[in-house]
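Chemist: show me how the following folds:
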Amino acid sequence: RDMDAHIWGSEEALVEQAGHLIHDAWQSTFVPEEGVESSPREGPVTLSPLDTTPIAWQYPPEGICLLDLFGGISTGLAAVLQAGIPVRRYVYVERDETARRVSLRHVAMLVERYPLLLPVGAVRGYQQAVPADISLLGADHLDRVGPIDLVIAGWPCQGQSRAGVGHGLQDPRSALFWEMLRVLRHLQLHQTHPPAYILENVPLLGDVRERVVASVHQVRSWIGQAVLLDAARVGSRAHRPRLWWTNLVPTEVLKRAFDGIPRSASLVVDDILDVGRRAQAVTQPDRPPLAVVNIVGRPRCALPTFVSHAASYAFRAGGPGLVWDVALRQLVEPTADERERAMGFATGTTVVASVSESSRRQVLGQAMDLNCLTWIVSLSIAEQLRMRSAGVTDHPLVSLRPSRAIVVVAGGEQMVEEPMARLAKAGQVVEQVG
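Modeler: Presented below is the predicted three-dimensional model:
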């Protein structure tokens, strides 16, 4: 068995399926959710909210300039390449030394695997081009880089994670959210063409701690409504529910398309485990908002969410995250190799001479799920292709502002439509409803 095989098969199959999913998603009737803002909005007085309007985006033939904020083990770069997008320059911001060492290994693997999409020159000196600390990343650094096409960022979640102390954005690590917003707003305000972005962070999932709940509402007021997606839904062998934000595809369309991705029942945890190891039987079925893939009486399809610290609740004392080792005759935690495969990474991605097994598990616990991010990028590209085929070529395309109106620029003429009217009668001009 090939434990490193992509769950979607070939790149061509991924592109084709993403196109069908986006088409089907647009056929479904939906009403965009109205944004909810904190009043008054709390945060740095020098910042303005992110422009969340979905954009018409087309990258040049030579490829994109990708800015990977909190770049970790370079999951963002891997997802872009798996979606078939060429990269002309990779800009990486990450101050964790272990993640930086693993990134060097991973990027070298990607250069070898995708020579036509990722030339050596695109990553030459990528860890020294700009400051490793996002708080030191200034306008002068960004200006020297030149136009940035896509930003991928998952800011530190310790302040909002259920495993953390619950300080929300007052946690100095999660407070780097403001630095991310500062960089994004600079690019939106100073580039001729605003960059695309894909952002990620943890959801509440029942967390009722006051500061955490307040921070979630605060984040929403600054960067808009997120969509909750679980990587297990698309075939990852571990749950990873996360909030996602992007200006490449409307939130409602992304959610419907993502939910439409077929997950083969043959994708089970045992397939990514080392020889002589097997997953435990399912005794409790999954419940929403998790993807419902584990069903009593059937093979386990997804492990619990991997976290950055050892022996978390689901991975101790007989928890469902432990696997049975036949040779040891006991339940043990999944290895780093097994976690890599569960999240879509090639076996050995995090193998570095100076990085221990426990440190490998830690950086994987902090990483985005590669399968999930690849699907988000692919669905976003499919939406952009749909827009171009429909003759929509300018910005803005869709506004998710509370006015509930969609502004379309096509053929040089501006038309204002209600979302429902657009789905029913493309091109019909109606009056804006405030």
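
Chemist: mind checking how far the closest residue to A175 other than its chain neighbours is from G365?
Modeler: Among residues not flanking A175 along the chain, L169 sits closest, at 5.5 Å (CB to CB, 6 or more residues apart in numbering). C-beta here means a position set from N, CA and C on the backbone, and glycine is covered the same way. In this view, L169 and G365 are 21 Å apart by CB to CB, to the nearest Å.

Chemist: what of A342?
Modeler: Counting by CB to CB - A342 and G365 are separated by 12 Å.

Chemist: the two: who's more crowded?
Modeler: A342 (27 against 17; other CB atoms under 10 Å).

Chemist: what does that one show for phi and psi?
Modeler: With angles defined as degrees, to the nearest 10, A342 sits at phi -60, psi -30.

Chemist: next one: R182
Modeler: phi -60, psi -50.

Chemist: same thing with L136?
Modeler: phi -100, psi 0.

Chemist: same check, this time on the one 4 residues further on
Modeler: For D140, the backbone dihedrals (degrees, to the nearest 10) come out as phi -70, psi -40.

Chemist: again with the one 5 residues further on
Modeler: Per-residue torsions, V145: phi -70, psi -40 (degrees, to the nearest 10).

Chemist: ok, back up a step: which neighbours do A342 and G365 share?
Modeler: F306 (CB atoms under 8 Å, 6 or more residues apart in numbering).

Chemist: run a quick neighbour tally on the nearest residue to L69 once chain neighbours are set aside.
Modeler: Of all residues not flanking L69 in the chain, A153 sits nearest, at 3.8 Å (CB to CB, 6+ apart). A153: 26 surrounding residues under other CB under 10 Å.

Chemist: A153 bridge partners, please.
Modeler: L69, L199 (DSSP bridges).

Chemist: contact partners for it?
Modeler: So A153 contacts D68, L69, F70, M180, L184, Y197, I198, L199, E200 (CB under 8 Å, 6+ apart).

Chemist: pretty sure R95 sits in a strand.
Modeler: No. Counting by DSSP: H, G, I helix; E, B strand; the rest coil, R95 is not found in a strand; it is coil.

Chemist: quick check: phi and psi on it?
Modeler: Dihedral pair for R95: phi -100, psi -10, per degrees, to the nearest 10.

Chemist: again, but for Y313
Modeler: Dihedral pair for Y313: phi -50, psi -50, per degrees, to the nearest 10.

Chemist: measure the spatially closest residue to it that is not a sequence neighbour to T283 for me?
Modeler: Leaving aside its sequence neighbours, Y313 sits nearest to G319 (CB to CB, 6+ apart; 6.4 Å). For G319, the distance to T283 equals 11 Å [CB to CB].

Chemist: who's more crowded, those two?
Modeler: Between G319 and T283, counting by other CB under 10 Å, G319 is the more crowded of the two (16 against 9).

Chemist: ok, that one to C157 distance?
Modeler: Counting by CB to CB, the gap from G319 to C157 is 21 Å.

Chemist: equivalent analysis for R300, please.
Modeler: 26 Å.

Chemist: again, but for D259
Modeler: 24 Å.

Chemist: more neighbours, those two?
Modeler: More crowded of D259 and C157, by other CB under 10 Å: C157, with 23 against 14.

Chemist: which pLDDT value goes with the residue nearest to the more buried one when sequence neighbours are not counted?
Modeler: Distances taken as CB to CB, 6+ apart put V202 closest to C157, at 4.3 Å, once the chain neighbours are dropped. Listed pLDDT for V202 reads 88.

Chemist: thought V202 was touching W244?
Modeler: No. Contact criterion CB atoms under 8 Å: V202 and W244 do not qualify, at 11.2 Å.

Chemist: which residue is nearest the middle of this structure?
Modeler: L373 (4.4 Å; CA atoms, centre = their mean).

Chemist: pretty sure it sits against A79.
Modeler: Yes. Taking contacts as CB under 8 Å, L373 lies within contact range of A79: 4.0 Å.

Chemist: between these two, what contacts are shared?
Modeler: Joint contacts of L373 and A79 (CB under 8 Å, 6+ apart) are I152.

Chemist: phi, psi of A175?
Modeler: phi -70, psi -10.

Chemist: residues near it, how many?
Modeler: Per other CB under 10 Å, the neighbour tally for A175 reads 17.

Chemist: then the one 5 residues further on?
Modeler: By the criterion of other CB under 10 Å, M180 has 23 neighbours.

Chemist: any idea which helix or strand carries it?
Modeler: helix 177-190 (DSSP states H and E).

Chemist: for that helix, packing partners?
Modeler: In terms of contacts (3 or more CB pairs under 8 Å, 6 or more residues apart in numbering; DSSP states H and E), helix 177-190 is packed against strand 64-69, helix 139-145, strand 150-153, helix 210-223.
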